[in-house]
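**Q** A predicted structure for the sequence below; I have some questions about it.
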Amino acid sequence: MPTLYTSEFTQFLKSFKEEHAGVEQRQLDGRALLWDKAQDPELQEDFRQACVRQQPYVYQND
């Protein structure tokens with residue numbers, strides 16, 4: 001069975017992760033700092049209600 005192609009970059013990443021075992025866990029920890037947060041449904045609803053509809057032509061004066 002022929003082997004599948006892997007790019008040089010993919011090979012580099014695999015070898016880097018093998019040499020530096022904690023990299024993936026540190027990536028997940030860093031992501032959790034900013035992105036993986038619980039959302040407050042009431043606050044989200046308040047944001048939706050506070051939106052002001054934009055006019056089709058934003059520079060038109062009323």
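**A** Cool, got the structure. Keep in mind that this is a model prediction, so the values were computed, not measured.
**Q** and the helices in the chain?
**A** Here the chain has its helices, by DSSP state H, at 8-19, 23-34, 41-50.
**Q** what pLDDT does Cys51 get?
**A** Listed pLDDT for Cys51 reads 92.
**Q** run a quick neighbour tally on it.
**A** 7 (other C-beta atoms under 10 Å). In this view, the C-beta of every residue, glycine as well, is placed from N, C-alpha and C.
**Q** the residue positioned nearest the centre of the chain and Gln27: what is the separation?
**A** Nearest to the geometric centre of the chain sits Trp35, at 6.8 Å (C-alpha atoms, centre = their mean). With the distance defined as C-beta to C-beta, to the nearest Å, Trp35 ends up 11 Å from Gln27.
**Q** same check, this time on Glu45
**A** Using C-beta to C-beta, Glu45 is found at 32 Å from Gln27.
**Q** any stretches of this structure with poor pLDDT?
**A** For the chain, the stretches flagged by pLDDT under 70 are 1-2, 62.
**Q** before we move on, back to that, now distance to Tyr57 and mean neighbour count too, for the helices of the chain, in JSON lines please.
**A** JSON lines is the format used below for the helices of the chain (distance: least, C-beta to C-beta, whole Å; neighbours: other C-beta atoms under 10 Å):
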{"stretch": "helix 8-19", "distance to Tyr57": "46", "mean neighbour count": "10"}
{"stretch": "helix 23-34", "distance to Tyr57": "36", "mean neighbour count": "10"}
{"stretch": "helix 41-50", "distance to Tyr57": "23", "mean neighbour count": "8"}
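**Q** can you say which of those is nearest to Val58?
**A** Val58 lies closest, by C-beta to C-beta, to one member of the helices of the chain: helix 41-50, at 18.6 Å.
**Q** chain center to that closest one: distance?
**A** Here helix 41-50 is found 22 Å from its chain centre; the criterion is C-alpha atoms, centre = their mean, to the nearest Å.
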